[in-house]
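A.B. asks: With the input below, show me the fold.
(one chain, ligands or ions: 1)
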Amino acid sequence: MSVRSYLDWNATAPMREEAKGAFAAALSRIGNPSSVHAEGRAARALIEAAREQVAALVGAQPGNVVFTASGTEANMLALTPAIETADEKRPRSRLFLSAIEHASVRAGGRFSREAIDELPVCPDGRLDLAALAAAIANTPRPLVSLMLANNETGFVQPVAEAAAIVHAAGGLIHVDAVQAAGRIPCDMTALGADLLTLSAHKIGGAKGAGALIRAREDIHFPQPLVRGGGQERGLRAGTENVPGIAAFGAAAAAALAHRDGEAAHMSRLRNQLEAGLLAATPHATVFGRDAVERLPNTTLFALAGIKAETAVIAFDLEGVAVSSGAACSSGKVQPSHVLAAMGVSGPLQRGAVRVSLGWNSTAGDVEKFLGAWTKLTSALSKERRGIAA
Ligand code: PLP
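C.D. replies: Below is the predicted model:
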């Protein structure tokens, strides 16, 4: 079987060698990190080292990192009316979400449906800041959730500007940085984020580890999602996933150390891919190209007349893994809520294909992708000519 090209890094990334090493080493630690004996302390040491590495990726204090089992769980933990700060103990009555959030944020955590407001994005796919300001103006203690970069489009959101608006209104802002971390700078102070979510498997760690990071120690959850033990300072009960967390730390350290070089590598390849795609099919739409700041690794494109599921299967048969921009976790292709929020027409929404690159993607992967695309589009145009004749 010929070598496949994996171009679906926004779905999940392969584990980094550093993370595999840390994971394997942790497997031979037998202790429970809560035990006081030497074995327990050795396991605890792995977790605390990882906490420092994960904190460093986002410029936070290690003590403010809460390890969870996924980015989804971190989002669930964050989005609750019961968030206290040193000078505000009253519950937050309303949650404001951008219309393009990931499903794990759109579910609204522990807010009731009626307590959630959706904020529109501009046609360029970025949050409408004027709409944000107007929406929260008359809400005491608003909680706002805005992703740093979108998983389908790769568009980077105006988080620092939004945070300034939210703070001026006396609110808190949660930032889902799952797709952005390791690809663009994610410093919590520069972003103005009060809470920030990460997922290990998107940055080269193992699946099954995530983190919610608080900007300050006084941000407290009196009713954590998972209760019953004192782990994670009482914010997430349950014996820790020691290998997953150790690998998360190693991946975070590598992602931070190599971020700029990897970003330059990915954006070079991404530009080649888009140039080749548009040369082969000049009528294709590459969403956001030259118009908005995007993650360096993500291309979302569509060509009228080609359905996303047809394209994804055709690429797969040619040995190229990409995804439908609108695929949900059940694998079904559904209209994209992200493109719908941007006002993109139905046929282009249903045709959107996402290509996402990573640190070890190669020029060969891009060539293979372009070869498969040319084969697919010329087969379809021959078929159409045949039908017309
Ligand atoms: N947030 C965003 C933007 C994502 O893309 C994802 C996963 O695709 C998640 C959250 C959920 O992360 P996890 O897979 O760790 O639950």
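
A.B. asks: Flag the shaky bits of this protein, pLDDT-wise.
C.D. replies: Within the chain, the segments meeting pLDDT under 70 span 1, 326-333, 387-389.

A.B. asks: Could I get the full set of strands for it?
C.D. replies: For the chain, the strands defined by DSSP state E occupy 5-6, 65-68, 95-98, 116-119, 143-145, 172-176, 195-199, 210-214, 285-286, 298-302, 320-321, 323-324, 353-356.

A.B. asks: Could you dump the ones you listed into a markdown table and include mean neighbour count?
C.D. replies: Heads up, the C-betas are built off the backbone N, CA and C, glycines and all. Output for these, formatted as a markdown table (neighbours: other CB atoms under 10 Å):
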| stretch | mean neighbour count |
| --- | --- |
| strand 5-6 | 22 |
| strand 65-68 | 27 |
| strand 95-98 | 24 |
| strand 116-119 | 18 |
| strand 143-145 | 28 |
| strand 172-176 | 27 |
| strand 195-199 | 30 |
| strand 210-214 | 28 |
| strand 285-286 | 18 |
| strand 298-302 | 26 |
| strand 320-321 | 20 |
| strand 323-324 | 23 |
| strand 353-356 | 28 |
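
A.B. asks: right, and the ones you listed - which one's nearest the ligand?
C.D. replies: The ligand sits nearest to strand 195-199 of all the strands of the chain, at 3.3 Å, using CB to the nearest ligand atom.

A.B. asks: how big is the angle separating the closest one from strand 172-176?
C.D. replies: 10 degrees (axes from the mean of the first three to the mean of the last three CA atoms, to 10 degrees).

A.B. asks: Enumerate the residues of the stretch 51-200 of the chain near the ligand.
C.D. replies: Counting by CB under 6 Å from any ligand atom, the stretch 51-200 of the chain comes close to the ligand at Ser70, Gly71, Thr72, His102, Ser104, Met147, Asn151, Asp176, Val178, Gln179, Ser199.

A.B. asks: Kindly tell me how buried Pro158 is, as a neighbour count.
C.D. replies: Neighbour count of Pro158, defined by other CB atoms under 10 Å: 18.

A.B. asks: Can you pick out the most distant pair from the residues of the stretch 51-200 of the chain next to the ligand?
C.D. replies: By the measure CB to CB, Ser70 and Met147 form the most distant pair in those, at 15.6 Å.

A.B. asks: who wins for proximity to Ala255 among the strands of the chain?
C.D. replies: Of the strands of the chain, nearest to Ala255 by CB to CB is strand 195-199, at 9.9 Å.

A.B. asks: mind putting the strands of the chain in CSV, distance to Gln53 included?
C.D. replies: Converted to CSV, those look like this (distance: least, CB to CB, whole Å):
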stretch, distance to Gln53
strand 5-6, 25
strand 65-68, 10
strand 95-98, 29
strand 116-119, 33
strand 143-145, 25
strand 172-176, 19
strand 195-199, 11
strand 210-214, 11
strand 285-286, 35
strand 298-302, 25
strand 320-321, 29
strand 323-324, 29
strand 353-356, 24
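
A.B. asks: for the protein, longest helix please?
C.D. replies: With secondary structure taken from DSSP state H, the chain has its longest helix at helix 242-280.
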